[in-house]
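**Student:** After the sequence you'll find the predicted model.
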Amino acid sequence: MGKDRVCVGAVAGAFGVRGDVRLKSFCAEPEAIAAYAPLQTEDGSRSFDVTVLGAVANGLSVRLSGVNTREEAEALRGTRLYADRSRLPSLPDDEFYHADLIGLEVLDTGGTVLGTVTAVLDHGAGDLLEIQRKGAQSVLLPFTRASVPTVDLAAGRIIADPPDGLLE
């Protein structure tokens, strides 16, 4: 998939009996996901308009266009939903879409290649970059200004200053 679409949510399952779904929104403001519609499946085979019905445990209750029964809603469990990048807001210079960070080369402050970003993880205490190192296990690098002083999207690289002991 190209960089023209960004994953903004995932269906967690059915909610109720009328075809509503429980949706995990990956947006900074969860309800904003509806403004980025139509949302598409990863393969682009289906497209949905989104109506947010309310907040529920671990997500939102939403109605997706064309989904009318609990069975149809349950069949979408695990489906990741994508928005066209052109519909998303521009970000300040110090914020990034996770999709833009994945695949960037990571170098230390001396110019030595450390690896490539394979995932951006958020477990509640702040983002972590998963760095796959050549011939070594991947490491998790805190995505803070101290550990990642430079992100250069145009050059396709990140300059990192890993905490002592992380790469040993």
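**Tutor:** Sure thing, it's come through. Numbers count the residues shown, from 1 in each chain.
**Student:** Tell me where the chain has strands.
**Tutor:** Along the chain, counting by DSSP state E, strands occupy 5-14, 21-25, 39-41, 47-48, 50-56, 59-64, 80-84, 105-108, 113-122, 127-132, 139-142, 150-152, 157-160.
**Student:** And those: which comes nearest residue 168?
**Tutor:** Evaluated with Cβ to Cβ, these place strand 139-142 nearest to residue 168, the distance being 10.0 Å. To be clear about C-beta, it is placed using only N, CA and C from the backbone, and glycine gets the same treatment.
**Student:** Export the closest one to PDB, keeping only CA atoms.
**Tutor:** What follows is strand 139-142, C-alpha atoms only, in PDB (Å, rounded to 0.1, in the frame of the first residue of the first chain):
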ATOM      1  CA  VAL A 139      14.800  -3.000  20.000                       C
ATOM      2  CA  LEU A 140      12.200  -0.600  21.300                       C
ATOM      3  CA  LEU A 141      13.400   3.000  21.300                       C
ATOM      4  CA  PRO A 142      11.400   5.600  23.200                       C
END
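**Student:** any residues touching it, and which ones?
**Tutor:** By Cβ atoms under 8 Å, 6 or more residues apart in numbering, the residues outside strand 139-142 that reach it are 106, 115, 121, 126-131, 133, 147-148, 160, 162-163, 166-167.
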